[in-house]
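Q: with the sequence up front, the predicted model follows.
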Protein chains: 2
Amino acid sequence: MGVSESGILWGGRGTEPEAVDRFYSVIPAGGIGSRLWPLSRAAAPKFLHDLTGSGQTLLRDTWNRLAPISGPHRIMVVTGRAHRAAVEEQLPELTDENVVLESEGKDSSAAIGLAAAILQKREPGVIIGSFAADHVINDNRRFRQSVVEAIAAADAGYIATIGITPTEPAIGFGYIKCGEPIDVPGAPDALAVEGFVEKPSLSTARKYVAAGTYLWNAGMFIARADRLLEQLGKTQPELLAGLLELADAWDTPRRGAVVDQVWPNLTKIAIDYSVAEPSAKEGLLAVIPGDFAWDDVGDFGSLAKLQSGGRKSDLAILGENARVLADSSSGIVVSETGRLISLIGVDNIVVVDTADALLVTTSEHAQRVKAVVDALKLSGRTDVL
Amino acid sequence: MGVSESGILWGGRGTEPEAVDRFYSVIPAGGIGSRLWPLSRAAAPKFLHDLTGSGQTLLRDTWNRLAPISGPHRIMVVTGRAHRAAVEEQLPELTDENVVLESEGKDSSAAIGLAAAILQKREPGVIIGSFAADHVINDNRRFRQSVVEAIAAADAGYIATIGITPTEPAIGFGYIKCGEPIDVPGAPDALAVEGFVEKPSLSTARKYVAAGTYLWNAGMFIARADRLLEQLGKTQPELLAGLLELADAWDTPRRGAVVDQVWPNLTKIAIDYSVAEPSAKEGLLAVIPGDFAWDDVGDFGSLAKLQSGGRKSDLAILGENARVLADSSSGIVVSETGRLISLIGVDNIVVVDTADALLVTTSEHAQRVKAVVDALKLSGRTDVL
């Protein structure tokens, strides 16, 4: 049995493995991050960017956060075929058996469900935790504490999630309505989940924050693989059947043929709808309140805030070769070109300068960037997408 | 004697030439137009750009406006050595004897004064009219009428200027305070000039417009060359001596040597200060009110207004290969790169996209662009100037 630097046990081969020993991290690295266009795009999705100034991509940050918990050899990455080389460059430790390549995106139920099915077949009783490749977390120690509690809840049969204690009435995130504490050994902070709510209005968000019983939905799900698949099968039996067929063939020479036949027909649905919400209704969902700073960096407004540490008067600058000359301006500049960028008297501005596309908007309108991407798709200008 | 399409006589060789026959246009093409950086810059000054969407550079527009008045063979261009090739490309009709090349900029008194001295030597009694290479005028017929009146006033011994009837209380222009009508044959609209005022505050500009006795100073000066030089000599005798020395040598093999010796030491002073203001005090300045739309396109705010015809809600787009996708934005985009430019929810925005520099500001802050250029000069980043 190995002991990581953090003191958490992992990769154990004992006769009665602890829950944490049975833990496997899953990183779905799929979304492009359209609201971060033209920085994020098909060929360079959000998870392949360094948005924090850490010097590392978000994917690598995610890996580094998970490796001490599950062990570096127990992290599976689900990504698109097009990103294989980039992912492997970021994660040289990643072995072939831990890469699941999607021929086309089929949303999170298929991506996480396939990982669960493959891992359950290889290692019955495995507990998996799925964490997005492109979120930002500032406190890996507290994150780990929450994951360890979630693993305990998962071991007790719950679908567990980690909800983030809101620091403001954000309207860009969904919320989790918490219920009563549940009694799970090793998860003293676990609460029942009464339900999920979609991105609220500002006034509703304020009520949620004031109530103190709502957490941000960070899309982290931790569960026994068999339990996750069981729950998925209740709402999406065909999808489950497809995933089990894929898993059966995965570690055999039939993989390619079965993938070609099954994958294209899988139902696209977010795991929030196929598993999380229905499980909450059954009383099977547990939430661990996560008391650390988290952001999904959903748009350039979030990125500006993240970069400036919340100081509105600041101008954040992102880009290794950025050359910016600014005069009483605030907001964010993302520079990929090394061109000289001059800003004069523009507030909360967002300027994203890439080789073939330039975006100029404001923090408050940054959510509308997706509409530009949609317009470009519609007009066939896919060269810049 | 030739007759142009417009019916104005030019290039006459009669025994008693009419004033218009003695007219020679002078185009000082010197200023970079720093407030239009990064579009205008040392290698591509304002007068070499098409800012009106006419399909022609401002220099060519200026030439086309003057050719019917003085005749195409009676237009002299004063420009920097660095711009010779670009100027000749724009003006293939321009002959060598009508090009005056400056080794370094010495402001308008030297540029116009040298043209006057050379032309006076070649053709005593010549009347010259100096018109900036980078202004925009929308009504060439009315412009010509004003010039013809100004030529008559010049023939009568006045230093004549054309002042523009203000259409709004602009704070970006200097003003001319008009006095009583003066009695000059052929110049029925001529008024005495009481004085010049520098760019005013908005409240002062409003008073000027309300008074109805102020015109915008468009920097157009029309005078007999001998009279212009005489007036210049009263305030700048050394400068005049230098210019006469240059003119003496100009059409001889000594030109190069004398230029090298004399030009670098000439006093830099605007003709407004050396000739116009002092002449106004002597009662020798006449103004013809010009009732046509004129703009010096001093900054991107002016350019935006010019392009949108004053409609504030519009987004003006300049650039042959411009690809702009805009969502409820107004202002102006100048594109030199062909990159896709997306604007979302930015009002009165100014975006100037060139190969090596990008400017983002607003119409109201556009005057401050010059400060960026100054800062770049100071920091030695001349590669983008």
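A: Done, it's in.

Q: so residue A:333 touches residue A:308, yeah?
A: No: with contact defined as CB atoms under 8 Å, residue A:333 does not reach residue A:308; the gap is 11.6 Å. In this view, the C-beta of every residue, glycine as well, is placed from N, C-alpha and C.

Q: list the buried residues for stretch A:250-258?
A: A:250, A:258 (16 or more other CB atoms under 10 Å in any protein chain shown).

Q: one more: stretch A:271-281?
A: Buried, per 16+ other CB under 10 Å, within stretch A:271-281: A:271-272, A:274-280.

Q: how distant is that stretch from the center of its chain?
A: Its chain's C-alpha centre and that of stretch A:271-281 lie 17 Å apart, by CA atoms, centre = their mean, to the nearest Å.

Q: do the same with stretch A:40-56
A: That offset, for stretch A:40-56, works out to 13 Å (CA atoms, centre = their mean).

Q: between the buried residues of stretch A:271-281, which sits nearest chain B?
A: residue A:272 (28.0 Å; CB to the nearest CB).

Q: kindly confirm my reading that the closest one is in a helix.
A: Yes: counting by DSSP: H, G, I helix; E, B strand; the rest coil, residue A:272 is part of a helix.

Q: how close does it sit to residue A:338?
A: 40 Å (CB to CB, to the nearest Å).

Q: residue A:82 too?
A: 26 Å.

Q: same thing with residue A:104?
A: From residue A:104 to residue A:338 the distance is 35 Å (CB to CB).

Q: neighbour-wise, which of those two wins?
A: Shown here are residue A:104 and residue A:338; by other CB atoms under 10 Å in any protein chain shown, residue A:338 has more neighbours (14 against 10).

Q: helix, strand or coil for that one?
A: coil.

Q: unless I'm mixing things up, it is touching residue A:353, no?
A: No: applying CB under 8 Å as the test, residue A:338 and residue A:353 come out as separate, 9.1 Å apart.

Q: contacting residues around the residue of the stretch 151-300 of chain A found nearest chain B?
A: Nearest to chain B in the stretch 151-300 of chain A, going by CB to the nearest CB, is residue A:300, at a distance of 10.0 Å. Residues near residue A:300 by CB atoms under 8 Å, 6 or more residues apart in numbering or on different chains: A:35-36, A:332, A:334, A:350, A:352, A:359, A:361, A:363, A:366, A:369.

Q: in a markdown table, list those along with pLDDT.
A: Formatted as a markdown table, the contacts of residue A:300 follow (pLDDT from 0 to 100):
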| residue | pLDDT |
| --- | --- |
| A:35 | 92 |
| A:36 | 95 |
| A:332 | 95 |
| A:334 | 95 |
| A:350 | 96 |
| A:352 | 97 |
| A:359 | 97 |
| A:361 | 96 |
| A:363 | 92 |
| A:366 | 93 |
| A:369 | 94 |
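
Q: now, of these, which are buried?
A: A:35-36, A:332, A:334, A:350, A:352, A:359, A:361, A:363, A:366, A:369.

Q: which of those residues are close to chain B?
A: A:359, A:361, A:366, A:369 (CB under 8 Å from any CB of the partner chain).

Q: of the buried ones among the contacts of residue A:300, closest to chain B?
A: For those, the nearest to chain B is residue A:361 (3.8 Å; CB to the nearest CB).

Q: what does chain A put close to chain B?
A: A:38, A:325, A:327, A:339-346, A:349, A:351, A:353, A:355-362, A:364-366, A:368-369, A:371-372, A:375-376, A:381, A:384.

Q: those in helices, which ones?
A: Cross-referencing the residues of chain A next to chain B against helices under DSSP state H gives A:369, A:371-372, A:375-376.
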